[in-house]
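Student: Structure for this input, please:
(3 chains)
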Amino acid sequence: MRSFAYVRATTVDHAVAEVTADPDATYLAGGTTQVDLMKDEVFRPGRLVDITRLPLRDVTSDNGTLVVGALTTMEELAAHEVVAGRLPLVRQALLLGASPQLRHMATLGGNLLQRTRCRYFRDPGVACNKREPGAGCSAVDGFNRMHAVLGTSPACIATHASDVAVALLAVGASVRVRGQDGERVVPLTEFYRVPGSTPHVENVLAHGELITHLEIPLLPPGARSGYLKVRDRASYEFALASVAAALVIDDGRIRAAHLALGGVGTVPWHVPRAEELLRDAAPDAEVFSAAAEAALSGAVAQSGNGFKIELGRRAVVRMLSTLAEES
Amino acid sequence: MAHPDIGEGIDRVDARVKVSGRAAYPTDHDCPGLAHAVLVQSTVGAGRITAVDSSAAKAAPGVLAVITHENAPELHEARDRKATLPPPPLQSDRIVHHGQTVAVVVAETFEQATEGALLVRTEYAPATPVVDIDDPQAEHVHDPFGSDDGTGDVAAALAAAPVRIEQTYRTAVNTNHPMGPFATVASWDGDELTVHDCTQGPSRTRADLAATLKAPQDTIRVLAPYLGGGFGSGLRTWPHTVLAAVAARHVGRPVKLVLTRKQMFTSVGHRPDTVQRIGLGATRDGRITAIDHEARQTLSMCDVNTEMVSRVSLSGYASPHLSARDVQVRVNVPSPGSMRAPGDGQGNFALECALDELAHDLGMDPLELRLRNYAGEHPVTGQQWSSNDLRECYRVGAEKFGWSRRVPEPRSMRRGRTLVGYGMAGTSFFFYQPPCSARITIGRDGHAVVGSAGMDLGTGTYTVMAQLAAELLALPLRRVRMVMGDSSLPQAPSAGGSGLTGSMGSAIHAASRNLIRSFLDLVRDDSGSPLHGAGEGDVRVQDGRIVRKDGGGGESYEAVLTRHRREELTAEGSAEAPAEDRPVVPTGPYAAKFAEVHVDPDLGVIRVARLVTAAHCGRILNEKTARSQLIGGTVGGIGMALLEETVTEPRTGRIANGTLGDYLVAVNADIPDLDVHFVGGPDPTNPNGTKGCGELGIPGTPAAIANAVFHATGTRVRRLPLTIEDLL
Amino acid sequence: MDGSAPQARVSPGPQARPVVRVPVVLRVNGTEHRIEVDTRTTLLDALRDSLKLTGTKKGCDQGQCGACTVHVDGKRVLSCLTLAASADGRAVRTIEGLEQNGTPHPLQESFVKHDGLQCGYCTSGQIMSAVALIEEGRAGSDDDIREFMSGNLCRCGAYPNIVAAIREVAGRGDDA
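Tutor: Predicted coordinates:
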């Protein structure tokens, strides 16, 4: 790890000012991505601004929306009664991520910003466009079993690794962002950027902007929701494919549908087309299969990850049929 | 009569120091003036170093030295090419694998050494590495161990066989990954070197260091009282251990060198990948007539490694025609080494899957096929087994598992939507009992101290050796203290090959007899002793005393020592390896494994639901630690079956999944309850009746699981690990 | 090498940066330690190298094995990904702090009884994780124990015995 200056932020404004003013500065929250990548020499900040003592840890329920301070840890949010009662898919996604120790450290803001597990991104000894624009992508010709099949470009096929971002995306959550010029709210559907020719740009945040809160709309009472994560190991592994879904089924018809995929996309993958297919349809195998087709539509296989396309489809069908079978 | 401290549930004697965090592993060792060393490793897979610029590193705060091939001292090759010492590091500009050590940076602190290592700039003239076992350009070494063997005419027997299985099986590279990253703390006092090292053999590491540094053995002391696991990684003296000693001499201070987890992939060995061709011939009633087994495995460029894969087929089944051959394929990968059940782990997978395929083709129960072809004597040499209760393993394992509930047809058992499969495999593990010495001292306080250079890597050696000494001297366990893991103690083999219990146990057996003889010598002319004039055959030990068999009384060790004004009495003992060229062949342990797997038919996810092992491990000194050995090996076998694969990139030779987040080992949630049953009796080869059990958990486990997956799904996967994509 | 293959790169930036040291107060097992650390020093290395509390182990140094598990402000966390500077003033509990007046914690006893360890290297982390797991109320079933202990790798494969040790202390006896 390279040497750096350490600053403990006292207020949100202080934090934002410190980082905005210094192009070599960055935030430190739970540290589970930041410290790891500094050890790997992927990040070499000259200054770390520690925000862990800022008052951004409250969770409040307000008019059908859960407002979550960005420093709330994964474990804290998973334990919140409103999440357990009204957002089961979010709770499941949280508890299927990482390990208990990491979930006690990792914050929600940090989780949304976590960096890919691509071993080429994480090894400064090899070329990576995300780490070093223009250097080339070693994963395309490399070992890419874990890599993305959706949202890829010739420049980058790295998978976005978050579980909870997939669930939050599915239910239409937004982030509140503070910058030096004030605050803005960005829906997650507009937050992430697919790599295209600029894989180093992963989201819409400008340098120094800080996620302060998440706004999560609650599912209506009676909604069924869940998060299905498929992986080799029974626990403590990132997804090969995952599905976050919520359905409101009434009188034999799907009245509302939310669907997003993880483990298969360069960003958490929202599938509005599949949601449209499901809406007002009878919850049967045919429409689930159509939704699965739509969900993986446009998928591109690499040498080692072609199976993810079929696995993703099957996971969508399984998730939806499991929800439909719930009484 | 059974000693109270032998048999069931004895807590391991080193458990308390371990659960309190007080056990000092090599990496915990601290000393005044300690400097820290960090390795720099190559970023190309083959070629030459054209330039090294260490100026920035040397200028970095706290950096004391940078050692590269340009300024490293001359180190010496081991003379014996079967040696455990890989080629010495930093002796030339040649790169033979990605992740080869090219420099070591020494600094005041760990953080400074780490930064210094990042500042060493190395330029290479890269060559194209050869990394694939199937690469036609790779050099092949035939019969590398001189172990190719067989009997009869396999080709003719196969051609004539009414039923034939001819298939190719593959196993992946696995990396040992003990939880404790390997570490060395080296310090010099003049020409005397002390090394706290992650080694499974302090005696061997001392000899290897002496050879490579050209120093007399008695100037070197190697200590490894605790080791954070090894699984074979500690069976060779790796470059980092040598470099810690070199660095300490270079900076004139003690040096600690701890490998990073990433470096654990490239620096301390691995289980080589294999491609195995098996041919089985059989009659329609299930008599095997031919077994033909050719096993290819990878080997690094400038090294030797002993890994006998195909030999499992020479002793496994009674077949009149047998052939087993090994081939090593040289590629640009790091030096391999042993990993828990070397050779047998991979070889058993191929043989036992082929047996399952044969059973399926014959329409015969896989267990019945194995019973029908049980080898009652060595199939090649005709020797009798010293002990072999494999059939009892099959019987007990099948009964405990409920094998009779298996519906033969694949894909016929379900629980809800989940496919259920039952699979089984049999296994043996080879016999190994190298020479060993031990020393026992009994003091006037009636306590015994037992010393041997051999070490306990977590297997329970401290515990079972203390138990054994307690039994042999008729002392309570609490009055026996083990001192181990120190090369200054009587020489011992490495903890490997499931051999140390037999070796050290035999040495302690000899030492205890010698010690009792020394006591008898002391009282030979002592008319005050009821033992005076007694010979070894006239006495036995009982309740902390030596007593006359004829009822003429006896006395305690303390009483003898006190009367003779001796503080203590010491004796050493040694044991040689048993001869193998005799009518009876010494045999290792046996086991039968029965696995139930659950497979999600849509998602391809495989989980082991339960696994029953019935094992013949000779006399069990401690059922608790022996059971832990079997359980632990089985966990490793489950990883080998379903998770573990070290991926080397074909074009660069770089390990593509070099972290514990990408190279998957089993976690707690992967492991169901594991049922272990010990069967059979003591083995007469060993004076204590023991067989090793450290490695027996591995072989048989992957095959039982793969066979269960076939039974669950009807899909035969002939490659480890079995993963989701195999079943979609 | 194929011309289109990604080229290997030499090490990054040419020059070292000056060391930055900051004062921290580490409250470990009830004792306050005022020390100065390199900003890069992790809580793990501070415990081991500065405070000589070597019971906490470094297994991977990148959050993938759990050997370094300690409690910070009552929660189990990974000390290898926690900067010492960031732990300033927090209450840290390590394996050395489990004994009370010389009496081992029940989980330490239970790990001995059920042989929940072999080499012992992961054991501190396992026990610290298990103490937290019981406090979190997650020892209700064997499956829960397995899942919520999955952040602690054990390469010796003591998992079933670890589950048994935790089950006993959680008060569920032998009901699987």
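Student: where does B:D5 land on pLDDT?
Tutor: pLDDT, B:D5: 73.
Student: How about B:M1?
Tutor: B:M1 is assigned a predicted lDDT (pLDDT) of 42.
Student: C:R172 too?
Tutor: For C:R172, the predicted pLDDT is 64.
Student: And for the one 3 residues further on?
Tutor: Per-residue pLDDT puts C:D175 at 43.
Student: Kindly report the same for B:A78.
Tutor: Taking B:A78 on its own, its pLDDT is 76.
Student: Skip the chain neighbours and tell me the closest residue to it.
Tutor: Nearest residue to B:A78, sequence neighbours excluded (CB to CB, 6 or more residues apart in numbering or on different chains): B:L85, at 4.0 Å. (C-beta placed from N, C-alpha, C; glycine too.)
Student: And the next helix or strand past the helix ranked longest in chain B?
Tutor: Using DSSP state H to define each element, chain B has its longest helix at helix B:500-522. Per DSSP states H and E, the first helix or strand lying C-terminal to helix B:500-522 is strand B:539-542.
Student: what's that following strand in contact with?
Tutor: B:L472, B:L473, B:A474, B:I516, B:L520, B:L531, B:I546, B:V547, B:R548, B:K549, B:G554 (CB atoms under 8 Å, 6 or more residues apart in numbering or on different chains).
Student: Neighbouring strands - and their directions - for it?
Tutor: Counting by DSSP bridges, the strands paired with strand B:539-542 are strand B:545-548 (antiparallel).
Student: hang on, the earlier thing: can you get me a residue count around the residue nearest to B:A78?
Tutor: 26 (other CB atoms under 10 Å in any protein chain shown).
Student: quick one: secondary structure of it?
Tutor: coil (DSSP: H, G, I helix; E, B strand; the rest coil).
Student: most remote residue from the chain's center?
Tutor: No chain was given, so I picked chain A. A:D251 (33.2 Å; CA atoms, centre = their mean).
Student: please go with chain B instead
Tutor: Farthest out in chain B is B:S527, which, by CA atoms, centre = their mean, sits 51.6 Å from the centre.
Student: related to what we said a few turns ago, how about the contacts made by the residue nearest to B:A78?
Tutor: So B:L85 contacts B:E77, B:A78, B:D208, B:A211, B:T212, B:R236, B:T237 (CB under 8 Å, 6+ apart).
Student: what ranges do the strands span in chain A?
Tutor: For chain A, the strands defined by DSSP state E cover A:5-8, A:25-28, A:47-50, A:59-62, A:65-69, A:174-179, A:182-187, A:210-217, A:224-230, A:241-250, A:253-262, A:269-270.
Student: in the fifth one, what's buried?
Tutor: Within strand A:65-69, the residues scored as buried using 16 or more other CB atoms under 10 Å in any protein chain shown are A:L66, A:V68, A:G69.
Student: From A:T65, how far off is the residue lying closest to the first one once chain neighbours are set aside?
Tutor: Think A:L66. With sequence-adjacent residues excluded and distances taken as CB to CB, 6+ apart, A:L66 is closest to A:I216, at 4.3 Å. Separation of A:I216 from A:T65 (CB to CB, to the nearest Å): 7 Å.
Student: next one: B:S574
Tutor: 78 Å.
Student: same deal with C:T69?
Tutor: 35 Å.
Student: are any of the contacts of strand B:539-542 buried, and which?
Tutor: B:L472, B:L473, B:A474, B:I516, B:L520, B:L531, B:I546, B:V547, B:G554.
Student: show me what contacts the third one?
Tutor: The one in question is B:A474. So B:A474 contacts B:H3, B:V541, B:Q542, B:D543, B:G544, B:R545 (CB under 8 Å, 6+ apart).
Student: what do you get if the cut-off is 10 Å, keeping everything else the same?
Tutor: By CB atoms under 10 Å, 6 or more residues apart in numbering or on different chains, B:A474 lies in contact with B:1, B:3, B:512, B:516, B:540-547, B:556-557.
Student: Just give me the closest of the contacts of strand B:539-542 to chain A.
Tutor: Nearest to chain A among the contacts of strand B:539-542: B:L472, at 44.9 Å, using CB to the nearest CB.
Student: Hmm, B:L621 and that closest one touching each other?
Tutor: No - in this structure, B:L472 is not within contact of B:L621 by CB atoms under 10 Å, at 11.5 Å.
Student: Now A:G222. Nearest residue, chain neighbours left out?
Tutor: Distances taken as CB to CB, 6+ apart put A:V248 closest to A:G222, at 6.4 Å, once the chain neighbours are dropped.
Student: Just give me the neighbour total for that neighbour.
Tutor: When neighbours are defined as other CB under 10 Å, A:V248 has 18 of them.
Student: give me the beta-bridge partners of it?
Tutor: Those that pair with A:V248 in a beta bridge, by DSSP bridges, are A:A256.
Student: Spell out, range by range, the strands that occur in chain C.
Tutor: Under DSSP E, chain C gives strands at C:21-28, C:31-38, C:69-72, C:75-78, C:91-93.
Student: okay if I get those as CSV plus distance to B:T43, mean pLDDT and mean neighbour count?
Tutor: Formatted as CSV, these follow (distance: least, CB to CB, whole Å; pLDDT from 0 to 100; neighbours: other CB atoms under 10 Å in any protein chain shown):
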stretch, distance to B:T43, mean pLDDT, mean neighbour count
strand C:21-28, 32, 98, 18
strand C:31-38, 27, 98, 15
strand C:69-72, 33, 98, 27
strand C:75-78, 28, 98, 28
strand C:91-93, 37, 98, 21
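Student: To A:L323, which of these lies closest?
Tutor: Closest to A:L323 of these is strand C:75-78 (CB to CB; 32.7 Å).
Student: OK, now which residue of the stretch 351-500 of chain B is nearest to chain A?
Tutor: For the stretch 351-500 of chain B, CB to the nearest CB, closest residue to chain A: B:R417, 9.5 Å.
Student: Convert stretch B:332-352 to PDB, retaining C-alpha atoms only.
Tutor: Coordinates of each C-alpha in stretch B:332-352 appear next as PDB, following Å, rounded to 0.1, in the frame of the first residue of the first chain:
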ATOM      1  CA  ASN B 332       5.900 -23.100 -17.000                       C
ATOM      2  CA  VAL B 333       4.100 -23.300 -13.700                       C
ATOM      3  CA  PRO B 334       5.300 -22.900 -10.200                       C
ATOM      4  CA  SER B 335       7.000 -25.900  -8.500                       C
ATOM      5  CA  PRO B 336       4.400 -28.400  -7.500                       C
ATOM      6  CA  GLY B 337       4.500 -30.400  -4.300                       C
ATOM      7  CA  SER B 338       2.500 -32.700  -2.300                       C
ATOM      8  CA  MET B 339      -1.000 -31.800  -1.400                       C
ATOM      9  CA  ARG B 340      -3.000 -34.100   1.000                       C
ATOM     10  CA  ALA B 341      -3.100 -37.600  -0.600                       C
ATOM     11  CA  PRO B 342      -0.700 -36.800  -3.400                       C
ATOM     12  CA  GLY B 343      -1.200 -39.000  -6.500                       C
ATOM     13  CA  ASP B 344      -3.700 -41.200  -4.800                       C
ATOM     14  CA  GLY B 345      -6.200 -38.400  -4.600                       C
ATOM     15  CA  GLN B 346      -6.300 -37.900  -8.400                       C
ATOM     16  CA  GLY B 347      -5.700 -41.600  -9.300                       C
ATOM     17  CA  ASN B 348      -8.500 -42.800  -7.100                       C
ATOM     18  CA  PHE B 349     -10.900 -40.500  -8.800                       C
ATOM     19  CA  ALA B 350     -10.300 -41.900 -12.200                       C
ATOM     20  CA  LEU B 351     -10.200 -45.600 -11.100                       C
ATOM     21  CA  GLU B 352     -13.300 -45.400  -8.900                       C
END
